[in-house]
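Participant: With the input below, show me the fold.
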Amino acid sequence: MAEPLLRAHLAELGATDAQVTDLSNDELISLAGDLQLRAGLDLDLDDIARAVGCDTNQVRTIYEGLGLRVDDLAGFGDGDVALTSLVVRDTSGIVDTVGPQLLRVAGSTLARLADATVAAYVQDVEHRDHETRDLIAEADQNALASALVRVLGDALPTIFRHHLWSAVRRQRWAQSGVAAPEVVRLAIGFVDLVGFTSLSRFATPADLIATIDDFERRAFEVAHRQGGRIVKSIGDEVMIAADDARTVAAIALELIESIGADPSVAPRGGVSAGDVLFRLGDYYGSVVNLASRLTAEAVPGEVLTDQPLADSPGMSVQPAGRRSLKGFSEPVAAWSVESAS
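Facilitator: Numbering: from 1, shown residues only. This next block holds a predicted model:
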C-alpha cells in the first residue's frame, strides 16, 4: 500500500500534519496506536495543580512515586485530576502512612503489566512479513489493540476490587492466632526448571519464551484448581502460597507431573510452612528460605519438605536424609513427598 494512502488514513484517525511529518511507514503504523493511547490526555502538570489547588511539584512527586518519568508521558486527563485530588486532600492519615509504599507497589505492578501487554502484542500479534504488507491494515490493527488496552485499563478498578476482597479474607485467616501484624501463617513452595540455563545457551528466543509461557500458564492453572496461588514468577521459577502444606505440595507435584514429558527441562520443588513475614504482597523469612533451599536440593521430578510437614495429614513421604543448607546452622532432615491428598 502506498505511503500517501497510509498518511491519509491516519488523518482520518485524527493525526495532524505535524504528527505524520518525516515519519517512516513503521512509525506511522505505531502512531495509529499512539493516537488511541493519547486520547483524552490534554492536560499538563500545571493544569492538574490548578484543578486540585496544589503545587505542581506535589503532582510531580505523586507520579514519580508511581515510577513514572513525568516528562516522558503523553499527557494527563480527568482521571489524573481525580487521583491527585484523592492523594492531596486526604485527611485520614492513610496516605501519609502507607501512601508512598502503595504508590511504589502499584507503580511497579502496573509497569510489569504494561510491559507484558506490549510484549504480547509484539511477539504474538504484530505483523512481521515485510514482503507482503498491508500498511493500512497494520495501522488499524495497532489502533484496535491500543483501544482494547484502554478498555482493559478501565476495567482494572473492578478487577482490583475483587482481588482485594479475596486478599482481605486470606489475611484474616492467615493471621488468626498470630500476634504480630507483619506475620502470617502459611505454606510456601517453589518449583523451578532444572536445565533451563543450559537450554538458554542454544535454544532460540522464541523457544525460550514458549517454555516460560507454558510453565507459568500451567503453574497458574494448577494453583488455582488446587486452591492455592502463584505469588510471583522469577524466570524459570514460581513461588506458591496456600493455607496448608498439603495444598502447596499437591500443586508442586501436579505441576511437575504436567511438565515431566518435556525433555528440555526437569522441574523440582520444595515446600515448608509456618510463620512468614508478609510485606507489600511478598513473603520473607526462614520458612521461605527453607522452601527455596529444599528446592535447590531436590532432584528432577522430586518435591522435598521438612520434618514438621512430613507429619501433616494427607502427606505421603519418604526420608531423604539430612541436608546442610545455606543459612541454616544445623543440617535439616528432608523428606521426599510422594503424594499429597
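Participant: contacts, neighbours, all on C-alpha from now
Facilitator: Noted.
Participant: what helices or strands is the longest helix anywhere in the chain leaning on?
Facilitator: Longest among the helix segments of the chain by residue count, using DSSP state H, is helix 135-174. Where contact means 3 or more CA pairs under 8 Å, 6 or more residues apart in numbering; DSSP states H and E, helix 135-174 is packed against helix 3-12, helix 25-38, strand 183-194.
Participant: Out of the ones you listed, which one sits most buried?
Facilitator: Among those, strand 183-194 has the highest mean neighbour count (mean count of other CA atoms under 10 Å), at a mean of 26.
Participant: Note down every partner strand of it and its orientation.
Facilitator: Here strand 183-194 has these sheet partners by DSSP bridges: strand 237-242 (antiparallel), strand 266-279 (antiparallel).
Participant: next one: that strand to chain centre, how far?
Facilitator: 17 Å (CA atoms, centre = their mean, to the nearest Å).
Participant: what does it rub up against?
Facilitator: With contacts defined as CA atoms under 8 Å, 6 or more residues apart in numbering, strand 183-194 is touched by 171, 174-175, 178, 236-245, 248-249, 252, 256, 265-278, 287-288, 291-292, 295, 300.
Participant: go with 6 Å
Facilitator: Here strand 183-194 makes contact (CA atoms under 6 Å, 6 or more residues apart in numbering) with 174-175, 236-245, 265-278, 291.
Participant: now the angle from that strand to helix 135-174?
Facilitator: Going by axes from the mean of the first three to the mean of the last three CA atoms, to 10 degrees, strand 183-194 is angled at 130 degrees with respect to helix 135-174.
Participant: and the next element down the chain from strand 183-194?
Facilitator: Counting by DSSP states H and E, the next helix or strand C-terminal to strand 183-194 is helix 196-202.
Participant: And that following helix, what's buried?
Facilitator: Using 16 or more other CA atoms under 10 Å as the test for burial, helix 196-202 gives residue 196.
Participant: From here on, call the first residue 24.
Facilitator: Yes, from this point I'll number from 24; that puts the last item at helix 219-225.
Participant: next helix or strand past that helix?
Facilitator: Counting by DSSP H and E, the next helix or strand C-terminal to helix 219-225 is helix 228-249.
Participant: Could you list the buried residues of that next one?
Facilitator: For helix 228-249, using 16+ other CA under 10 Å, the buried residues are 231, 234, 235, 238, 239, 241, 242, 243, 245, 246.
Participant: what do you get for stretch 297-304?
Facilitator: Buried residues in stretch 297-304, counted by 16+ other CA under 10 Å: 297, 298, 299, 300, 301.
Participant: do the same with stretch 56-76
Facilitator: The neighbour-count criterion (16+ other CA under 10 Å) identifies 56, 57, 58, 59, 60, 67, 68, 71, 72, 75 as the buried residues of stretch 56-76.
Participant: Pull the contacting residues for the first one.
Facilitator: Contacts here follow CA under 6 Å, 6+ apart; on that basis residue 56 touches 165, 166, 169.
Participant: try it again with 10 Å
Facilitator: The neighbours of residue 56, taking CA atoms under 10 Å, 6 or more residues apart in numbering as the test, are 162, 163, 164, 165, 166, 167, 168, 169, 170.
Participant: and if you look at the third one?
Facilitator: Contact criterion CA under 10 Å, 6+ apart gives 33, 36, 37, 38, 42, 97, 165, 166, 169, 170 as the residues in contact with residue 58.
Participant: and the third one, which of the three is it?
Facilitator: Spelled out, it's residue 37. Using DSSP: H, G, I helix; E, B strand; the rest coil, the structure places residue 37 in coil.
Participant: close enough to count as contact, it and residue 55?
Facilitator: Yes - contact criterion CA atoms under 10 Å: residue 37 and residue 55 qualify, at 8.9 Å.
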